[in-house]
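Novice: please find the sequence and the predicted model below.
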Amino acid sequence: MPQKSQPLYQRVLGSEWQHLAPQIRELHSVTGESVFKGRCHVDRGRSPLSRLVARWIGLPKAGADQEAIVTLTVRGDGERWVRRIGGQQFSSLQRPGRSESDWPIRERFGVVSVHMALVVDDANLRYVIRRWTLLGIPLPLWLGPQGRATESLEDGQFRFEVEIRHLFTGLIVRYQGLLSPQ
């Protein structure tokens, strides 16, 4: 049975937690506040609507080899993630989802919440969107944000890859890079 004192990802992943690479477990072992720094490459969508959405969320501008700082802080039963990439800052709040099998993590960006399944795959972690809401109202999955997010290792370092798209905008942002604990 998960302990409330355990880090969020350890609680929601249960026995799968031990299958993650140690560097991935380290990033998700937040018990107070943790800071990770590294470098990041960012691509942005080119459509006017994708640029508007990216600006509204505060997503980073396109560019190679940008400084990335991720601060994770425990907030109640969840975590606040503040990402600073190339001088741009955006944040989200992650909380446990409703069902262990369907969406163990719910991430809120302002008025949008994305419910995701966490999939441990060869010591790596994948996030799979299962549901989304706007202002707390569930909407059809096909109408919401699409994308992929993975965490893996590269030369012994934590590697992240995130891509966010939408049916009406195409690519909104794609960012990838390496992080180390500070």
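Specialist: Sure, I can see it. Numbers count the residues shown, from 1 in each chain.
Novice: what's in contact with stretch 59-78?
Specialist: For stretch 59-78, the external contacting residues (CB atoms under 8 Å, 6 or more residues apart in numbering) are 4, 8, 27, 30-44, 79-88, 90, 93-96, 164, 172-173, 175, 177, 179. In this view, the C-beta of every residue, glycine as well, is placed from N, C-alpha and C.
Novice: likewise for stretch 133-147?
Specialist: Residues outside stretch 133-147 that contact it (CB under 8 Å, 6+ apart) are 111-115, 129-132, 162-167, 172.
Novice: which of those are buried, as a PyMOL select command?
Specialist: In PyMOL, a selection of the buried entries from the contacts of stretch 133-147 looks like this (16 or more other CB atoms under 10 Å):
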select buried, resi 112+113+114+115+129+130+131+132+162+163+164+165+166+172
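Novice: so of the contacts of stretch 133-147, which ones are in helices?
Specialist: Judged by DSSP state H, helices contain none of the contacts of stretch 133-147.
Novice: which of the contacts of stretch 133-147 fall within strands?
Specialist: Judged by DSSP state E, strands contain the following of these: 112-115, 129-132, 162-166, 172.
Novice: helices or strands next to the single longest helix found in the chain in the packing?
Specialist: In the chain, taking DSSP H as the definition, the longest helix is helix 48-57. Contacts defined by 3 or more CB pairs under 8 Å, 6 or more residues apart in numbering; DSSP states H and E place helix 48-57 against strand 33-44, strand 170-181.
Novice: neighbours of C40, just the number please.
Specialist: 24 (other CB atoms under 10 Å).
Novice: per-residue confidence at it?
Specialist: C40 carries a pLDDT value of 97.
Novice: again, but for the one 10 residues further on
Specialist: S50 is assigned 94 on the pLDDT scale.
Novice: and for G87?
Specialist: Value listed for G87 in the pLDDT field: 88.
Novice: for the residue most central in space within the chain, name its beta-bridge partners.
Specialist: By CA atoms, centre = their mean, the chain has its centre lying nearest to A149, at 6.9 Å. Counting by DSSP bridges, A149 forms beta bridges with Y127, V162.
Novice: which residues does it contact?
Specialist: By CB under 8 Å, 6+ apart, the contact set of A149 is 116, 126-127, 160-163.
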